[in-house]
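J.: take this sequence and fold it.
(chains A and B)
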Amino acid sequence: ETGVTQTPRHLVMGMTNKKSLKCEQHLGHNAMYWYKQSAKKPLELMFVYSLEERVENNSVPSRFSPECPNSSHLFLHLHTLQPEDSALYLCASSRQLQGGSYNEQFFGPGTRLTVL
Amino acid sequence: GEDVEQSLFLSVREGDSSVINCTYTDSSSTYLYWYKQEPGAGLQLLTYIFSNMDMKQDQRLTVLLNKKDKHLSLRIADTQTGDSAIYFCAAGKRGGYNKLIFGAGTRLAVHP
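T.: Numbering: from 1, shown residues only, chains lettered A, B, ... in the order given. As a prediction, the model looks like this:
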């Protein structure tokens, strides 16, 4: 699936570094999501942007800062992370619809983050 | 709160049928999904079922929904080694953006 791309695919960073994860969707969607997937927990929804506005922030620490400059791009800015933040970070997108229509989420391949 | 539960592991012989089970707590869920994740990859939607249906079949895949018990299952007929992956059950609601609640995933191992 190349509709949702994520870069980089792998990232190793120290606890004092600042880095950013990038997600881009080519599907004409207007809702984008960040998930965290770790060995200890199932998929955790972190942030949701709908029509470029943040509509959900699930008690995520402030060391994670999302940015959605337009409906095709989503960033996750990282600073002063902890080793327990090491995980696979998945981006997804979907169409926001009125009423009860079905709207599938399409996932990117993820960024494997390791914090040393 | 909303929760989705799955068994963590399933091992089957190649050619047999696999059945992966899932339970969810939110009775207002309108769509139930099955996603597949292969090593090093993101999640790929396999199939979904609307809450007013009790069965959906798509080639080797059969989804059964018991809305009363809030139980969902995915049956894979003639399981192949290429089916080895993690399968996630997810529950969502209609309209707006699509907030999904995922289970922990069931790791399916297919052996000869």
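
J.: any residues of chain B in contact with chain A? List them.
T.: B:30-31, B:33, B:35, B:40-45, B:48, B:50, B:88, B:94-100, B:102-105 (C-beta under 8 Å from any C-beta of the partner chain). In this view, the C-beta of every residue, glycine as well, is placed from N, C-alpha and C.

J.: okay, and which of the residues you listed map to strands?
T.: B:31, B:33, B:35, B:43, B:44, B:45, B:48, B:50, B:88, B:100, B:102 (DSSP state E).

J.: tell me the pLDDT at the closest residue to the fifth one other than its chain neighbours?
T.: This means residue B:44. Spatial nearest neighbour of residue B:44, chain neighbours left out: residue B:36 (5.1 Å); criterion: C-beta to C-beta, 6 or more residues apart in numbering or on different chains. Looking at residue B:36, its pLDDT is 96.

J.: how far away is residue B:36 from residue B:93?
T.: Applying C-beta to C-beta, to the nearest Å, the value for residue B:36 to residue B:93 is 22 Å.

J.: would you point out the helix or strand in chain B whose mean pLDDT is lowest?
T.: Least confident element among the helices and strands of chain B, by mean pLDDT, DSSP states H and E: strand B:100-102 (a mean of 88).

J.: show the pLDDT at the nearest residue to residue A:78 once chain neighbours are set aside.
T.: Closest residue to residue A:78 apart from its sequence neighbours, by C-beta to C-beta, 6+ apart: residue A:19 at 5.0 Å. Each residue has a pLDDT score; the one for residue A:19 is 95.

J.: hang on, the earlier thing: partner strands of the least confident helix or strand of chain B and their direction?
T.: strand B:85-92 (antiparallel) (DSSP bridges).

J.: angle of the partner strand against strand B:43-50?
T.: Relative orientation of strand B:85-92 and strand B:43-50, computed by axes from the mean of the first three to the mean of the last three C-alpha atoms, to 10 degrees: 50 degrees.
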